[in-house]
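Participant: just to be clear, the model below is a prediction. Sequence and coordinates:
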Amino acid sequence: MQQRTIGSRKVSAIGLGGMPMSIEGRPDEDRSIRTIHAAVDAGVTLIDTADAYHRDAGDVGHNESLIASALASWSGTSSDVLVATKGGHLRPGDGSWTLNGRPDHLKEAAKASLQRLGGDAIGLYQFHRPDPDVPYAESVGALSELLDEGVIEMAGISNANPEQIREAQRVLGGRLVSVQNQFSPAFRSSRPELDLCAELGIAFLPWSPLGGISRAGDLGSRHDAFAEVAKAHDVSPQRVALAWELALAPTVVPIPGASRPESIEDSVQAVDLELSADELDRLSAEALD
């Protein structure tokens with residue numbers, strides 16, 4: 001599969017978002033493991049997760065544990081798979097979300113994530129979401145300490161604006177390797193962050209790149225240009241959306257969520273879909289409506 005770069009690591013140009021396999025409406029464990037196996041069988045070497053990807057109050061880190069189990073039972077060698085996890089955004093277990101960007105919490109959360117994922121260090125650890133009650137530099141400073149301690153190999157941030165990206169790069173002493181923000185045909189307000197990452201050579205990881213768990217399936221019905229280009233190439237509108245995102249910058253690595261093997265198998269084929277300049281212009285124009 002086509003590769004892109006996150007820090008010092010080469011990864012597949014399409015990653016796998018693990019969230020749908022662990023929150024409300026999640027599939028049974030067998031199907032989830034088959035989905036992860038299908039991803040790595042297809043050449044996916046980036047899997048995204050977070051300690052907050054769980055459903056109940058008592059199963060914090062459910063998705064991290066699921067991914068670790070799936071990689072351990074995979075028939076291949078998982079040493080090339082980069083697992084990216086996050087901390088600082090929590091789910092009490094009632095469907096709501098809370099924030100905790102305190103440095104002590106982030107350091108404890110990272111070490112707990114490492115225990116669930118296994119290995120000597122977390123490949124990529126990202127601050128999940130800014131906490132308005134904690135200075136941003138203090139939260140990111142915890143990542144710097146985790147890097148220095150060897151708990152994590154690389155550091156990133158999520159749900160950040162351009163000012164926060166630059167501040168994180170400063171606090172980390174130039175060691176910021178990724179920014180994970182929402183971006184899709186339906187949600188394009190993170191384009192300034194995408195462009196800044198391309199300028200700085202930082203990986204930009206669009207989350208919900210197909211519009212989100214509840215809307216990915218009807219992407220074609222909501223975006224005529226994507227449906228029409230998909231028809232012309234005899235592929236799914238979802239595949240067109242991912243190919244369009246990949247074409248925006250060489251630093252973009254979409255991480256579509258999946259809970260069925262068929263979904264990720266379709267997504268990874270976006271790397272082989274060649275869209276013309278006219279098609280890309282048309283898709284970008286519609287995405288900006």
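Facilitator: Perfect, thanks for sending it. Numbering: from 1, shown residues only.

Participant: doesn't residue 44 make contact with residue 18?
Facilitator: No - applying CB atoms under 8 Å, one finds residue 18 not in contact with residue 44, separated by 11.2 Å. C-beta coordinates here come from the backbone N, C-alpha and C atoms, glycine included.

Participant: more neighbours: the two, which one.
Facilitator: Neighbour tally, residue 18 and residue 44, criterion other CB atoms under 10 Å: the higher count belongs to residue 18, 30 against 24.

Participant: tell me the pLDDT of that one.
Facilitator: The pLDDT attached to residue 18 in the predicted structure is 96.

Participant: and it, how far from residue 33?
Facilitator: Counting by CB to CB, to the nearest Å, the gap between residue 18 and residue 33 amounts to 11 Å.

Participant: overlap of the contact sets of these two?
Facilitator: Among the neighbours of residue 18, those also in contact with residue 33 (CB atoms under 8 Å, 6 or more residues apart in numbering) are residue 66.

Participant: any buried residues in stretch 214-225, and which?
Facilitator: Neighbour-count burial for stretch 214-225 flags 216, 219-220, 223, 225 (criterion: 16 or more other CB atoms under 10 Å).

Participant: before we move on, what about stretch 4-13?
Facilitator: Of all the residues in stretch 4-13, those buried under the rule 16+ other CB under 10 Å are 4, 6-7, 9, 11-13.

Participant: sec struct for residue 39, please.
Facilitator: helix (DSSP: H, G, I helix; E, B strand; the rest coil).

Participant: do you know the pLDDT at it?
Facilitator: Checking the pLDDT column for residue 39, the value is 98.

Participant: tally of neighbours for it?
Facilitator: Look at residue 39: counted by other CB under 10 Å, it has 28 neighbours.

Participant: quick one: contacts for it?
Facilitator: 16, 47, 258, 264, 268.

Participant: what's the answer for residue 170, then?
Facilitator: Residue 170 touches nothing, counting by CB under 8 Å, 6+ apart.

Participant: so which strand or helix has it?
Facilitator: Taking DSSP states H and E as the definition, residue 170 sits inside helix 162-171.

Participant: CA atoms only: put that helix into CSV for me.
Facilitator: These are the backbone C-alpha positions of helix 162-171, laid out as CSV (Å, rounded to 0.1, in the frame of the first residue of the first chain):
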residue,chain,number,x,y,z
PRO,A,162,-3.4,26.8,14.2
GLU,A,163,-2.2,28.7,17.3
GLN,A,164,-2.2,25.6,19.4
ILE,A,165,-0.3,23.7,16.7
ARG,A,166,2.4,26.3,16.8
GLU,A,167,2.4,26.4,20.6
ALA,A,168,2.7,22.6,20.8
GLN,A,169,5.6,22.6,18.4
ARG,A,170,7.3,25.1,20.5
VAL,A,171,6.7,23.3,23.8
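
Participant: if you count neighbours, what's buried in that helix?
Facilitator: For helix 162-171, the neighbour count (16+ other CB under 10 Å) marks 164-165, 167-169, 171 as buried.

Participant: of all these, which two lie farthest apart?
Facilitator: The largest distance within these, taken as CB to CB, falls between 165 and 171 and amounts to 11.0 Å.

Participant: any idea how far the helix holding residue 170 is from the chain center?
Facilitator: Distance, stretch centre to chain centre, for helix 162-171: 19 Å (CA atoms, centre = their mean, to the nearest Å).

Participant: may I have stretch 147-156 as CSV, with CA atoms only?
Facilitator: Once side chains and other backbone atoms are set aside, the C-alpha atoms of stretch 147-156 remain, and they are given as CSV (Å, rounded to 0.1, in the frame of the first residue of the first chain):
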residue,chain,number,x,y,z
LEU,A,147,8.9,11.6,25.5
ASP,A,148,11.9,12.3,27.7
GLU,A,149,11.0,9.4,30.0
GLY,A,150,10.6,7.0,27.0
VAL,A,151,6.9,6.2,27.8
ILE,A,152,6.0,7.3,24.3
GLU,A,153,8.0,7.4,21.1
MET,A,154,6.2,10.2,19.4
ALA,A,155,3.8,13.0,20.4
GLY,A,156,0.8,14.6,18.7
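
Participant: pLDDT on it, on average?
Facilitator: Across stretch 147-156, the average pLDDT comes to 98.

Participant: got a list of contacts for it?
Facilitator: By CB under 8 Å, 6+ apart, the list of residues contacting stretch 147-156 reads 6-9, 84, 107, 110-111, 114, 120-127, 140, 143-144, 146, 172, 175-180, 203, 205.

Participant: returning to what we had before: name the nearest of the buried residues of stretch 214-225 relative to residue 209.
Facilitator: Using CB to CB, residue 216 is the member of the buried residues of stretch 214-225 that lies nearest residue 209, at 8.8 Å.
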